[in-house]
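Student: have a look at this prediction, sequence included:
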Amino acid sequence: MTNQDEREERADRLRERFEDGPAEDETPDKSRSTPSKTDVTEDSGDPMSGRSEGAVKDRPSVLMYLPEEIRQELDIRFDELNAQHKRQYGEGLEKNRDYYPAVVEAGLTDKDLKDILDL
């Protein structure tokens, strides 16, 4: 089986899982049904902030295909900003809740990424 076939098979399984919901023999994971402190944020009122009340999994998702160099830089930059955020606020950033929406907002609005993340 090629890598492409494996990816397509995984994508099909995920698609089925999200379209159909859990199978009858699966029991729901209780840890997923209760939002954690990091899943819920205060609504900032800024539609570009990406921070709205509710779990991250309830947001619409966007799949992006990035060149490897950009993906690596995105990860490195996250690590740098995450360390800075931990020093400043005592807790880390979350990629999907905090970092990725801020990166997109910075690109769309020409705002500084650190300003968006309050660093």
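Tutor: Now that the structure is in, tell me what you want to look at.
Student: mean pLDDT per helix and strand in this protein: which one sits at the bottom?
Tutor: helix 30-33 (a mean of 40; mean pLDDT, DSSP states H and E).
Student: so where's this protein uncertain?
Tutor: 1, 3-4, 13-53 (pLDDT under 70).
Student: switch to 90 and redo it
Tutor: For the chain, residues meeting the criterion pLDDT under 90 lie at 1-57.
Student: show me what the helix ranked longest in the chain is packed against.
Tutor: Identified as the longest helix of the chain according to DSSP state H is helix 68-89. Judged by 3 or more C-beta pairs under 8 Å, 6 or more residues apart in numbering; DSSP states H and E, helix 68-89 is in contact with helix 113-116. No exception for glycine: its C-beta is placed from N, CA and C like everyone else's.
Student: helices or strands next to the helix it packs on in the packing?
Tutor: helix 68-89, helix 100-109.
Student: pipe those into TSV and attach distance to D118 and mean neighbour count per row.
Tutor: Listed next are the helices and strands packed on helix 113-116 as TSV, based on distance: least, C-beta to C-beta, whole Å; neighbours: other C-beta atoms under 10 Å:
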stretch	distance to D118	mean neighbour count
helix 68-89	8	13
helix 100-109	10	16
